[in-house]
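Q: Build the 3D model from these lines:
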Amino acid sequence: MSPTARIRIALVAALVGGCVAAWGPVANAGAAIYWQNSGAEIGRSNLDGSNPEPSFITFPTLPGSQGVTICGGVAVDSEYIYWADNQHSTIGRARLDGSDVRGAFVSGASEPCGIALDSSHVYWVNSSDDSIGRANLDGTGVDQALVDDAGFRPCGLVASASNLFWTNSLDEISRSSLSGTKVVAPLVPGVNACGLATSGSHVYWTDFDGSIGRATFSGTEVNYDLITDLLHPCALTIHAGKIYWTEQPFGGIGSISRAGIDGSGVERSIVPGIRSPCGIAVDDLTVPPKPVPTPGQLSFGPVKHNRRAATTLVRLSASVSGRLKVKVPLGIRYRFMGGGPEVSAGDHWLKLSARRGFANSWPRTGLRRRGKAQFTLRVDYSPTVGAPQAIARKVSLLWARPGRSSRR
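A: Residues are numbered from 1 along each chain as shown. Sure, this is the predicted structure:
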């Protein structure tokens with residue numbers, strides 16, 4: 001494939017949320033995998049894929065946004081998990097237990113993708129500014145142009161003890177010191193690289209065309225085909241002599257796989273069924289098994305607002321299969337996303353919007369005048385096991401009218 005064609009594929013995939021370029025750094029020790037997906041969430045599981053939590057952290061909606069996060073990189077240290085959000089152009093952070101979620105821990109980035117950590121700093125790639133940024137681990141000392149020319153549309157990023165390595169859409173891997181000086185570009189040419197990781201004296205990469213390669217830090221001993229026959233590998237990390245990577249086939253559901261650091265013993269899909277998995281990292285915590293849910297329990301989850309379309313998504317979590325009956329005011333329309341009222345155990349999304357009709361009818365009047373229409377959503381749940389249940393909560397439609405700021 002020509003460089004031009006590869007660049008075109010990378011740009012198209014990024015625009016549709018495919019996240020060709022998103023990855024995390026190498027962690028020092030680990031018993032858990034973390035990954036970012038295109039559903040504005042971070043998931044986790046044990047290293048063998050057990051006890052998966054696909055929605056471990058749900059990103060907060062930032063003011064003025066559509067509430068949709070296009071995925072970027074993810075990285076962890078002994079206390080926090082960091083991620084790049086290239087929809088809101090921010091770096092986020094949360095504690096490893098999922099608490100203290102801060103969607104705009106660092107602001108002012110430019111479509112950040114790759115993210116990396118060392119003992120003092122968090123680094124990220126500014127994809128649309130062709131630069132690499134850096135901040136202290138507490139979010140201070142922000143420098144959006146530590147490396148001011150990282151090549152066209154830089155993507156993946158990883159930090160070793162003394163160097164930064166990154167990829168870009170010119171099909172090359174580059175290197176600099178941790179201070180952003182002594183840039184070597186290209187260090188390794190001819191790779192449609194996505195994820196990066198380091199181990200010992202080698203840098204490893206995923207090639208979106210279907211392989212994993214490696215080379216020395218000096219760019220010698222290049223092996224483009226350490227592991228082959230993969231389905232669009234993206235994120236990459238290394239732990240305890242094993243390589244972990246994500247795969248995200250076009251139009252399909254992705255997965256996490258692993259192999260020995262020499263490319264042997266490939267284990268495919270140890271964590272299956274992930275929607276466009278992007279960043280990946282490991283830490284030293286063990287994910288506990290989920291408690292056995294009480295039969296017949298229904299609960300509300302996060303709410304996501306699309307202010308441009310004046311629609312709201314509400315997550316409903318059912319402990320067992322059953323039937324849902326939704327009750328909303330006359331002026332509200334609802335729709336089950338990806339299914340109907342007969343639901344299985346797990347999470348289900350309900351889309352709410354203003355019903356089409358007279359222009360002066362509620363809730364359109366409220367949206368037009370105040371940018372907000374609030375109402376009570378009631379859901380009856382008839383589980384296959386246990387007694388029926390009814391739950392209710394206040395829900396709002398928000399509209400960012402062109403030329404006017406919406407009120408909360």
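Q: longest strand in the protein, by residue count?
A: strand 372-383 (DSSP state E).
Q: following it, which helix or strand comes up?
A: Following strand 372-383 in sequence order, the next helix or strand is strand 389-398 (DSSP states H and E).
Q: So the chain: which segments form each domain?
A: Here the domain assignment for the chain is 3-283, 298-398, based on automatic domain parsing.
Q: tell me which residues of the helix or strand harbouring A281 are tucked away?
A: In the assignment (DSSP H and E), A281 maps to strand 280-283. By neighbour count on 16 or more other C-beta atoms under 10 Å, the buried set for strand 280-283 is I280, A281, V282, D283. Quick note: C-beta positions are derived from backbone N, CA and C, even for glycine.
Q: Please name the nearest non-neighbouring residue to the first one.
A: With C-beta to C-beta, 6 or more residues apart in numbering as the criterion, I280 has its nearest non-adjacent residue at 3.8 Å, and that residue is A235.
Q: Give me the secondary structure label for the one you found.
A: Under DSSP: H, G, I helix; E, B strand; the rest coil, the three-state class of A235 is strand.
Q: What separation do you get for it and C155?
A: As judged by C-beta to C-beta, to the nearest Å, A235 and C155 stand 11 Å apart.
Q: And these two? Which one has more around it.
A: A235 (33 against 30; other C-beta atoms under 10 Å).
Q: where exactly do the helices run in this structure?
A: Taking DSSP state H as the test, the helices found in the chain are 3-15, 364-370.
Q: Put together JSON lines for the buried residues of strand 280-283, with pLDDT and distance to S317 on each row.
A: What follows is the buried residues of strand 280-283, written out as JSON lines (pLDDT from 0 to 100; distance: C-beta to C-beta, whole Å):
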{"residue": "I280", "pLDDT": "93", "distance to S317": "25"}
{"residue": "A281", "pLDDT": "92", "distance to S317": "26"}
{"residue": "V282", "pLDDT": "90", "distance to S317": "27"}
{"residue": "D283", "pLDDT": "84", "distance to S317": "26"}
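Q: Just name the closest of these to G103, please.
A: A281 (18.2 Å; C-beta to C-beta).
Q: Surely the closest one and I238 touch.
A: No. When contacts are counted by C-beta atoms under 8 Å, A281 is not listed as touching I238 (10.5 Å).
Q: returning to that earlier point: deepest of the domains of the chain, which one?
A: domain 3-283 (a mean of 21; mean count of other C-beta atoms under 10 Å).
Q: doesn't T167 make contact with P186?
A: No. Contact between P186 and T167 fails when scored by C-beta under 8 Å: they sit 9.8 Å apart.
Q: Which residues are in contact with each of the two?
A: The contact sets of P186 and T167 overlap at I173, S174 (C-beta atoms under 8 Å, 6 or more residues apart in numbering).
Q: S211 - nearest residue in space that isn't next to it in sequence?
A: Nearest to S211 is T228, by C-beta to C-beta, 6+ apart, at 4.8 Å.
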